[in-house]
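[1] here is my input; please provide its structure:
(chains A and B)
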Amino acid sequence: GAVVSQHPSWVICKSGTSVKIECRSLDFQATTMFWYRQFPKQSLMLMATSNEGSKATYEQGVEKDKFLINHASLTLSTLTVTSAHPEDSSFYICSVGGTEGYEQYFGPGTRLTVT
Amino acid sequence: DAKTTQPPSMDCAEGRAANLPCNHSTISGNEYVYWYRQIHSQGPQYIIHGLKNNETNEMASLIITEDRKSSTLILPHATLRDTAVYYCIVSYGQNFVFGPGTRLSVLP
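    Next comes the predicted model:
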């Protein structure tokens, strides 16, 4: 399976600031990456699908102007949380599509805390 | 909404087989069954997937009923490190919808 990394693993920021999370596919080129969010004691919720070289597709209820996604290369996608608020505090996880089928391989996640 | 139903929690003795059930009665003919697990504060880990036939890999076995309306993930010799939330997902393509999963506790 694919090896996926995320950076940073955790971040604390002040309300009103922006924070960027990186997702890297380390061992193959990923044309599609996915961004999920997980609140405490809840399951993963898909936020958006990121396609290399094109605009991301956002799920209903996810503000595209607040959660900026850039997939500029086949190995890197970034999620920028703009004007963060305490309610944006969550566990953000990215994934990449598999090479043999439709399975996904997930990164280790980034814990965001907004104070 | 998730298309699967799983028991919220299960216990298993260390060294014994863990059998995790999943109901997916509305599965379509071209939808795969995927299993992932999530250990606390980590990203989900891929375990196995299948379409119609039973599948086995180094981690687990997947048994899919003939009518494909349910499946069972089998961890043959559970260890304490298998304690996690296990998610069963049915999907065609890569549009995954995660349900609440089953919290498996492996007990010493």
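[2] please make it C-alpha for all contacts and neighbour counts, starting now.
    Fine.
[3] which parts of the chain are strands?
    Assuming you mean chain A. A:4-7, A:10-13, A:19-25, A:32-38, A:45-51, A:57-58, A:67-73, A:76-81, A:90-97, A:104-106, A:110-114 (DSSP state E).
[4] wait, chain B was what I had in mind.
    Going by DSSP E, chain B shows strands at B:9-13, B:18-23, B:32-38, B:45-50, B:55-56, B:61-64, B:70-75, B:84-91, B:102-107.
[5] could you export these as a markdown table, including mean pLDDT?
    Below are the strands of chain B laid out as a markdown table (pLDDT from 0 to 100):
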| stretch | mean pLDDT |
| --- | --- |
| strand B:9-13 | 97 |
| strand B:18-23 | 98 |
| strand B:32-38 | 95 |
| strand B:45-50 | 93 |
| strand B:55-56 | 96 |
| strand B:61-64 | 98 |
| strand B:70-75 | 98 |
| strand B:84-91 | 95 |
| strand B:102-107 | 98 |
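[6] can you read off the pLDDT for the closest residue to residue A:35 other than its chain neighbours?
    Leaving aside its sequence neighbours, residue A:35 sits nearest to residue A:94 (CA to CA, 6 or more residues apart in numbering or on different chains; 4.4 Å). On pLDDT, residue A:94 comes in at 96.
[7] neighbours of residue A:94, how many?
    Residue A:94 has 34 neighbours, counted by other CA atoms under 10 Å in any protein chain shown.
[8] my guess is it contacts residue A:36. True?
    Yes - using CA atoms under 8 Å, residue A:94 makes contact with residue A:36 at a distance of 6.0 Å.
[9] excluding its backbone neighbours, what's nearest the closest residue to chain A within chain B?
    Nearest residue of chain B to chain A (CA to the nearest CA) works out as residue B:43 at 4.4 Å. Ranked by CA to CA, 6+ apart and with sequence neighbours excluded, the top spatial neighbour of residue B:43 is residue A:108, at 4.4 Å.
[10] quick one, phi psi at that neighbour?
    phi -80, psi -10 (degrees, to the nearest 10).
[11] per-residue pLDDT of the residue in chain A positioned nearest to chain B, please?
    Proximity of chain A to chain B (CA to the nearest CA) peaks at residue A:108, 4.4 Å away. Residue A:108 carries a pLDDT value of 97.
[12] neighbours around it, how many?
    Residue A:108: 23 neighbours (other CA under 10 Å).
[13] contacting residues around it?
    A:4, A:5, A:6, A:9, A:93, B:42, B:43, B:44 (CA atoms under 8 Å, 6 or more residues apart in numbering or on different chains).
[14] residue B:59 too?
    Per CA under 8 Å, 6+ apart, neighbours of residue B:59: B:47, B:48, B:75.
[15] hmm, the second one is touching residue B:57, no?
    Yes - taking CA under 8 Å as the definition, residue B:48 is a contact partner of residue B:57 at 7.3 Å.
[16] between the contacts of residue A:108, which sits nearest residue B:89?
    residue B:44 (12.2 Å; CA to CA).
[17] go ahead and confirm that closest one touches residue A:106.
    Yes - Residue B:44 lies in contact with residue A:106 (CA under 8 Å); the separation is 5.9 Å.
[18] more neighbours: those two, which one.
    Under the criterion of other CA under 10 Å, the comparison of residue B:44 against residue A:106 puts residue A:106 first, with 29 against 26.
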